[in-house]
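Sequence and predicted model, in that order:
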Protein chains: 2
Amino acid sequence: MAEMEEKLEDLKTRLAEINDLDMISSLLHWDQSTYMPAGGAAARGRQTATLAKISQEKFIDPAIGKLLDDLQQYGESLPYDSDDACLLRLVRREYENAIKVPPEFLSEFYTHSAASYQTWAEARPNNDFRSVQPYLEKTLELSRKFGDFFPGYEHIADPLIDLSDYGMQAASVRGLFAELRAQLVPIVKAIRSHPIADDSFLHVHYPEAQQLKFAGEVVRQLGYDFNRGRIDKTHHPFMTKFSLGDVRITTRVKEDYLGETIFSNVHEAGHAMYEQGIDMALEGTLLANGISSGVHESQSRTWENLVGRSRGFWEYFYPKLQAEFPAQLKGITVDQFYRGINKVEPSLIRTDADEVTYNLHVMLRFDFELQMLEGTLSVRDLPEAWHERFEKDFGITPKEEKNGAMQDVHWFSGFIGGAFQGYTLGNILSAQFYSAALAAHPEIPDEMKQGQFNTLHDWLIQNLYRHGRKFTAVEMVQRVTGGPMSIAPYIQYLKTKYGDLYHL
Amino acid sequence: MAEMEEKLEDLKTRLAEINDLDMISSLLHWDQSTYMPAGGAAARGRQTATLAKISQEKFIDPAIGKLLDDLQQYGESLPYDSDDACLLRLVRREYENAIKVPPEFLSEFYTHSAASYQTWAEARPNNDFRSVQPYLEKTLELSRKFGDFFPGYEHIADPLIDLSDYGMQAASVRGLFAELRAQLVPIVKAIRSHPIADDSFLHVHYPEAQQLKFAGEVVRQLGYDFNRGRIDKTHHPFMTKFSLGDVRITTRVKEDYLGETIFSNVHEAGHAMYEQGIDMALEGTLLANGISSGVHESQSRTWENLVGRSRGFWEYFYPKLQAEFPAQLKGITVDQFYRGINKVEPSLIRTDADEVTYNLHVMLRFDFELQMLEGTLSVRDLPEAWHERFEKDFGITPKEEKNGAMQDVHWFSGFIGGAFQGYTLGNILSAQFYSAALAAHPEIPDEMKQGQFNTLHDWLIQNLYRHGRKFTAVEMVQRVTGGPMSIAPYIQYLKTKYGDLYHL
């Protein structure tokens, strides 16, 4: 047994080194997005590639495979829920995947992605889809090639979906989305037959410094720990982590829209509180991460929407907000404010969409990913297909490609396939986890009205966050809710909230 | 020949990867000093150690030794001044040194240094020398051990001096310093017989934002390129580089002292302009660095003192400074200002010292380093020795150890030996290089009065900066000045400037 513990120690030491390199990569990216001067870009690209290469080399080292083989039986002999058993299962899975992908392929893909992103960033403001088309075609080719490294799949997208939402497949996501869509469309339709809520008061001048101060105070009170984090400004908000003791978020400000900073802060703080809540005993291992795209997004959406756009939340915060911006919010009641921040309206941009129509944006992208991978939709025809589908789903058409097929960075900096389903899985799971929390602690909504969020936060830490990546999404949903993934709580949530708001 | 070029390419690829890792280490340190939340410290230490370990492993790889052997003859066949010949000479030298030091020793030293630094940082405010004494004793032991990896030295400090000022030895520095001291002491004495200049106007309230704005504008005008750099605040100012396209400086502000931000900015910008001036063709190789501590410091001191504390410089900038701070500088003439910023007065803190007494601080430390390494001064007796020597050299005695033997971070985060001589070598070289620039361009001082610094800047780029580390300090002094290192220009500079200021 001492021999096994020694081998496990050896494995952990190797993984800790790889984890260090990956955390450092995140710092390179954070710096590039926040403070790096323009002149640093070329070298930064090389540095990022060097780290990725070394990390990959160290992970696919046959010595790791040998250690995993030697430890297989030992791992199976440990309690299923123990940290070590979970680690060995996860590392085995990741290792088996990693060794299937040749380093030269990854290197080619990273180089291509960097060029693709660069071209997209320049072509997007000009709605110049034809410039990015060859890059996107190459991305599609490489995405298919990636899928082919994992023979035995049912759908070519499955290995790509596996990367971010392990355990889901094209078929299972399709099924779930079809079910959701059938419920969502009538809700959207019903809401659209009512007058659109007025949110014009959100679109007057709100000075940057005040917005940042208020939004920072909000996330502090929710439970984001500034001793282990900080907020900086970037073009696009994100959460990133350099260790469990250093989980940062970024934000942006629109001085003519109050919702931007507050809700992006709360969204990213939701991601960050998940990471900050992981048990420190898992630090430095692959377990010190969120489970999947979907589960991670469930936490950003829990805090952003279920908490941050709730009536109770604003009962507490609105008087403070009004005190910060007395002129701008003069005469606006908390009810008017609550309606304003929950306005439902078909819109062109996914990230700006309300929580009801949001999923239709995601489904459109998910369907197109599958069609492109299947070969039933060509990259060349993507803009036109986007227009048609958009007209059908939303009753509006993007006039410019930057608001259409060139809108999201995902396909221009990563694979086509697996990029979007996590957003809607996150919405579904947020309501499912939250309803379990409410079942355990019915006092949560009342506490929120008092500015108390720790019962919810503690419950999430205890039931979800602290476990890191010890369990799969499927296992975690079962552990937390006692059943499989289900859209029922989410539909229930939407119907109650928007039924009430729009008197449906 | 094609075979040699292939081997050279292989070597360069390996070195570029190592260079990437080292540049990334600098980013980790920059982030730790600027923005990292407290919670990130533990993991950051591990990440830094991981990078250093991988970089060292990759550099002492016998494959590099083999390539160097194979390329030896080829390198010697190239023109001496060619980039490739210089690279091969430098890499050979660094490689031979690196393989002499066992990785376990480095690892022990880094771990010890981190603990030593931590203890010092906590003990220093309490003047608690006894807490740091065992760490310093261990540092001394490890410094001797390091020296012993390089048998054949004349003085045990020589291998340590070599690390930062290649080509100098304990004996040659001693000789130079004795010569300088013999000239300096009478100058200090003469100045001290005159009334001390009034600089009380520098010590009124100067708001932080205005100081940062002005000091930023100054370095921009000197030639620091903000497209390839930026300024952030840290506890101690420093310059750091992540590539030739990203050379950052840091600064600090004392709202009750105008000199702090301006002169630390100009000092660090001097270091940075040196790095920014290196030929982009050298990027990613060991050549894309400054030559030595002494040569690097010569450039920070050139811009800080020879330029930044000159009469001509302030003839241009003082009206702007006065416009920025009209109340604080009301009635202060440019002459009074010039005298104030060049006040000579014995003081306890090296980094705050005027340019005349500064070198006495350095010599004290250099002498103590040699004595400790020789065993003629014990760590235990260091505080008392410091008091005695200080009384003798400056006529004052530090009452607290934080202003005495616990003042500088160097011995508490690195070796004892080689840590300080570069500061005075830098002063000597600054005047020597600058007088060569003046000989070539006598118009430089007049241009400064017009706010023009590009003749000097271009000359330095052309003659010094662009070459990076292609030549040794000895070679560079010869190339630029036509002779060996000499204290004459520095003494001449001090005598002229302070003779004039104090009517000696």
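Now that the structure is in, tell me what you want to look at.

Show the low-confidence segments of chain A, by residue range.
In the predicted model of chain A, residues A:1 satisfy pLDDT under 70.

Chain B contacts on that one?
A:16-17, A:20-21, A:23-24, A:27-28, A:31, A:35-44, A:46-47, A:50-51, A:54, A:225-230, A:232, A:242-246, A:248, A:283-284 (CB under 8 Å from any CB of the partner chain). Where C-beta positions appear, they are placed from N, C-alpha and C, glycine not excepted.

which of the residues you listed count as buried?
Of the members of those, the ones counted as buried by neighbours, 16 or more other CB atoms under 10 Å in any protein chain shown, are A:17, A:20-21, A:23-24, A:27-28, A:31, A:35-37, A:39-40, A:43-44, A:46-47, A:50-51, A:54, A:225, A:228-230, A:242-246, A:248, A:283-284.

Just the residues of chain A next to chain B: which are in strands?
Per DSSP state E, strands hold the following members of the residues of chain A next to chain B: A:232, A:242-243, A:246, A:248.

how about A:Val379, what does it touch?
A:Val379 sits next to A:133, A:136-137, A:140, A:372 when contact means CB atoms under 8 Å, 6 or more residues apart in numbering or on different chains.

again, 10 Å this time
Taking CB atoms under 10 Å, 6 or more residues apart in numbering or on different chains as the contact definition, A:Val379 lies against A:129, A:132-141, A:372, A:405, A:411, A:416.

Could you tell me which of the residues you listed count as buried?
Buried by 16+ other CB under 10 Å: A:129, A:132-133, A:135-136, A:138-140, A:372, A:405, A:411, A:416, out of the contacts of A:Val379.

Select, from the residues you listed, the two members most distant in space.
Spanning the widest gap among these are A:Lys138 and A:Ala405, at 15.9 Å by CB to CB.

Quick check: the farthest pair among the ones in strands among the residues of chain A next to chain B?
Using CB to CB, the two most remote members of these are A:Asp232 and A:Ser243, lying 17.1 Å apart.

Look at the closest residue to chain B within the stretch 351-500 of chain A and say how many residues are nearby.
For the stretch 351-500 of chain A, the residue closest to chain B is A:Gly468, as judged by CB to the nearest CB, at 15.1 Å. A count of nearby residues for A:Gly468, using other CB atoms under 10 Å in any protein chain shown, gives 27.

And the helices in the stretch 301-450 of chain A?
Counting by DSSP state H, counting those that start in this stretch, the stretch 301-450 of chain A has helices at residues A:311-324, A:334-341, A:358-374, A:382-394, A:410-413, A:421-440, A:444-449.

Give me whichever of those is most buried.
Counting by mean count of other CB atoms under 10 Å in any protein chain shown, helix A:421-440 has the highest mean neighbour count of the helices of the stretch 301-450 of chain A, with a mean of 23.

For stretch A:346-365, measure first residue to last.
The first and last residues of stretch A:346-365 sit 16 Å apart, counting by CA to CA, to the nearest Å.

And for stretch A:445-455?
10 Å.

What are the contacting residues of it?
Residues outside stretch A:445-455 that contact it (CB under 10 Å, 6+ apart) are A:218, A:221-223, A:273, A:303, A:306-307, A:310-317, A:320, A:437-438, A:440-441, A:443-444, A:456, A:461.

Could you do stretch A:368-375 as well?
With CB under 10 Å, 6+ apart as the test, stretch A:368-375 has contacts from A:136-137, A:139-140, A:143-144, A:147, A:155-158, A:160-161, A:170, A:173-174, A:376-379, A:381-382, A:385-386, A:389, A:405, A:410-411, A:415-421.

Now the residue nearest to the spatial centre of chain A: closest residue in space that isn't a chain neighbour?
Nearest residue to the geometric centre of chain A (CA atoms, centre = their mean): A:Glu297, 4.1 Å. Closest residue in space to A:Glu297, ignoring its immediate chain neighbours: A:Gly426 at 2.5 Å, by CB to CB, 6 or more residues apart in numbering or on different chains.

Surely the one you found touches A:Ser300?
Yes - here A:Gly426 reaches A:Ser300: they are 7.0 Å apart, a contact under CB atoms under 10 Å.

tell me, what's touching those two both at once?
Residues touching both A:Gly426 and A:Ser300 by CB under 10 Å, 6+ apart: A:Gly270.

All set, thanks.
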